[in-house]
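Participant: below: sequence and its predicted model.
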Amino acid sequence: MPGSSPHAAFSAFVTPLTDALNCVVHPRLAVSGGGQIVINRKHNLYLTGHQRDADGFLRLPRTDLEFRARMFYVIIEDQRDGYGPYRVTTRGYDYSVRKTDGAAVIDYHWHPLGQSHEKRPHLHIGSSQLRPDAVLSNKQHLLSGRVTLESVVRDLVGLGVPPRFEDYAALLDLCEAPHLLHRTWTNDYEQETGQTLSE
């Protein structure tokens with residue numbers, strides 16, 4: 001999201017995210033040091049609390065589910081009209097849903113600079129959702145394309161998490177609109193990872 005200063009760009013980025021998550025649970029925001037003002041450095045954004053707090057998971061009201069949302073981003077300079085002079089660009093995410101007993105339900109991952117061999121956005125179906133004789137395993141990377149937090153919140157409602165507001169669907173659309181307007185990524189592997197696919 002664009003902003004007149006690094007802090008303004010950070011605020012434009014994080015406000016719709018916290019508003020979207022607020023549709024199902026009160027966000028618990030934490031940011032790595034300098035994450036609101038330091039440019040050209042990867043930062044961590046924790047929307048459901050820091051890892052030290054229950055591994056960053058929040059209990060979702062009136063369910064047996066917990067949710068963790070963390071993102072990785074960089075504040076950059078961008079002189080293109082409508083994109084700057086500063087903006088935030090996402091460098092990865094980890095949205096995870098689990099049962100209160102810790103059993104995984106579904107994970108939405110994108111870690112292009114991580115240790116995994118899979119750099120593209122993907123899902124993991126949690127072991128609690130798979131039968132012992134299932135064809136799928138919780139280790140498989142199911143390619144998904146980039147997934148917005150707003151889409152994940154919609155999925156949470158679909159999983160039975162009661163929305164906190166009657167007009168939650170319109171609120172999620174409103175929160176997602178700035179991201180869709182200003183995103184500069186596609187589902188193209190080369191743009192997401194900086195690597196080419198071998199023929």
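Facilitator: Alright, I've got the coordinates. Residues are numbered from 1 along each chain as shown.
Participant: a strand runs through residue 154, doesn't it?
Facilitator: No. Going by DSSP: H, G, I helix; E, B strand; the rest coil, the assignment for residue 154 is helix, not a strand.
Participant: can you give me the distance of it to residue 91?
Facilitator: Using C-beta to C-beta, to the nearest Å, one obtains 23 Å as the distance from residue 154 to residue 91. Just so you know, the C-beta spots here come from the backbone N, C-alpha and C atoms, and that holds for glycine as well.
Participant: neighbour count winner among those two?
Facilitator: Per other C-beta atoms under 10 Å, whichever of residue 154 and residue 91 has more neighbours is residue 154, with 20 against 16.
Participant: low-confidence ranges in the chain?
Facilitator: For the chain, applying pLDDT under 70 flags the ranges 51, 53-54, 185-199.
Participant: what segments of it are helices?
Facilitator: For the chain, the helices defined by DSSP state H cover 6-21, 149-158, 168-182, 189-193.
Participant: which other helices and strands contact the third one?
Facilitator: With contacts defined as 3 or more C-beta pairs under 8 Å, 6 or more residues apart in numbering; DSSP states H and E, the packing partners of helix 168-182 are helix 6-21, helix 149-158.
Participant: right, and the ones you listed - which one's nearest residue 106?
Facilitator: Nearest to residue 106, of all those, is helix 149-158, at 7.7 Å by C-beta to C-beta.
Participant: my guess is residue 35 meets residue 46, correct?
Facilitator: No. Counting by C-beta atoms under 8 Å, residue 35 does not reach residue 46; the two are 9.9 Å apart.
Participant: just send the helices of the chain back as TSV, with distance to residue 128 too.
Facilitator: Formatted as TSV, the helices of the chain follow (distance: least, C-beta to C-beta, whole Å):
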stretch	distance to residue 128
helix 6-21	23
helix 149-158	16
helix 168-182	26
helix 189-193	29
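Participant: so which of those helices gets nearest residue 62?
Facilitator: helix 149-158 (12.0 Å).
Participant: picking up where we left off before, distance to residue 173 added to the helices and strands packed on helix 168-182, as JSON lines?
Facilitator: Shown next, in JSON lines, are the helices and strands packed on helix 168-182 (distance: least, C-beta to C-beta, whole Å):
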{"stretch": "helix 6-21", "distance to residue 173": "10"}
{"stretch": "helix 149-158", "distance to residue 173": "8"}
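Participant: of all those, which one is nearest residue 65?
Facilitator: When those are ranked by proximity to residue 65 (C-beta to C-beta), helix 149-158 comes first, at 7.7 Å.
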